[in-house]
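# my questions are about this predicted structure, shown below with the sequence.
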Amino acid sequence: MLFGLAVGLSVAFVIYMKDRGTAVAAKPLARQPASMAAPIDPDPVAAASEPAGNSEPRFSFYSMLPNFEVVVPEEEPDVRRDREAAVIQKPGTYVLQAGSFAELADADRRRAELALLGIESRVQRVTIDDRTWHRVRIGPMSNLDELNRIRSRLKQARVDVLRIRLGD
């Protein structure tokens, strides 16, 4: 009985392998996309030096990118010292900076002065050239009436501020 089982399995295996080989050969191969037709060569210099049937590089950006330099202009926010008494009418979002101090205690003192005037402010910590600064900022505000009202209070209290326009 075991001998018959072994012969039967051997014959089945041979037929399976024979049918599988002809099915794979008869099945048409799907076209590969152009990006998969050739292997990717990360070194375009080595690919160019190899004598291959295709002499042009597969991707042209390897040679194009080093020749281009794109300068992205950094848009500076509109910063002005707020000394003129003119009412702001240009719409946008504004921040008033009431000071920039190296010591946190000085920034807290300015913030307390503003709180006594009824103006809410916050201290922003920034590091510029390995130095830490504490900026006292009011806003952001997009309501021009409120902005002009706060500016007039600051002028009466003789607090110099920078007006920073962030955008529309």
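Thanks, I have it. Note that this is a predicted model, so its numbers are computed, not measured. Numbers count the residues shown, from 1 in each chain.
# for this structure, which segments count as strands?
Under the criterion DSSP state E, strands of the chain are mapped to 78-81, 93-101, 122-128, 131-141, 162-167.
# and the fourth one, what does it pack onto?
Counting contacts by 3 or more C-beta pairs under 8 Å, 6 or more residues apart in numbering; DSSP states H and E, strand 131-141 packs against strand 93-101, helix 104-116, strand 122-128, helix 144-156. No exception for glycine: its C-beta is placed from N, CA and C like everyone else's.
# re the thing from before, of the strands of the chain, flag the one that's most buried.
Burial of the strands of the chain is given as mean neighbour count (mean count of other C-beta atoms under 10 Å); strand 93-101 ranks first at a mean of 20.
# longest helix in the chain, please.
Counting by DSSP state H, the longest helix found in the chain is helix 2-26.
# could you give the mean pLDDT of that one?
Confidence over helix 2-26 (mean pLDDT, whole number) is 82.
# what lies in contact with it?
Helix 2-26 has contacts (C-beta atoms under 8 Å, 6 or more residues apart in numbering) with no other residue.
# what's the weakest-modelled helix or strand in the protein?
helix 44-49 (a mean of 53; mean pLDDT, DSSP states H and E).
# burial of residue 155, as a residue count?
The local packing of residue 155 (other C-beta atoms under 10 Å) involves 14 other residues.
# and if you look at the one 3 residues further on?
Residue 158 sits with 6 neighbouring residues when counted by other C-beta under 10 Å.
# so what's residue 122 up against?
Counting by C-beta under 8 Å, 6+ apart, the residues that residue 122 touches are 111, 136, 137.
# who's the last one bridged to?
Here residue 137 shows beta-bridge partners residue 97, residue 122, assigned using DSSP bridges.
# pretty sure it sits against residue 95.
Yes: with contact defined as C-beta atoms under 8 Å, residue 137 counts as touching residue 95 (5.5 Å).
# can you list the low-confidence ranges for this protein?
21-57, 68-87, 167-168 (pLDDT under 70).
# contact partners of stretch 95-108?
Contacts to stretch 95-108, defined as C-beta under 8 Å, 6+ apart, come from residues 82, 110, 114, 121, 123, 125, 131-141, 147, 150-151, 154, 159-164, 166.
# what about 7 Å?
Here stretch 95-108 makes contact (C-beta atoms under 7 Å, 6 or more residues apart in numbering) with 82, 110, 114, 121, 123, 133-140, 150, 159, 161-164, 166.
# can you count the residues close to residue 107?
Residues lying near residue 107 (other C-beta under 10 Å) number 23.
# tell me how far it lies from residue 129.
19 Å (C-beta to C-beta, to the nearest Å).
# same check on residue 96?
24 Å.
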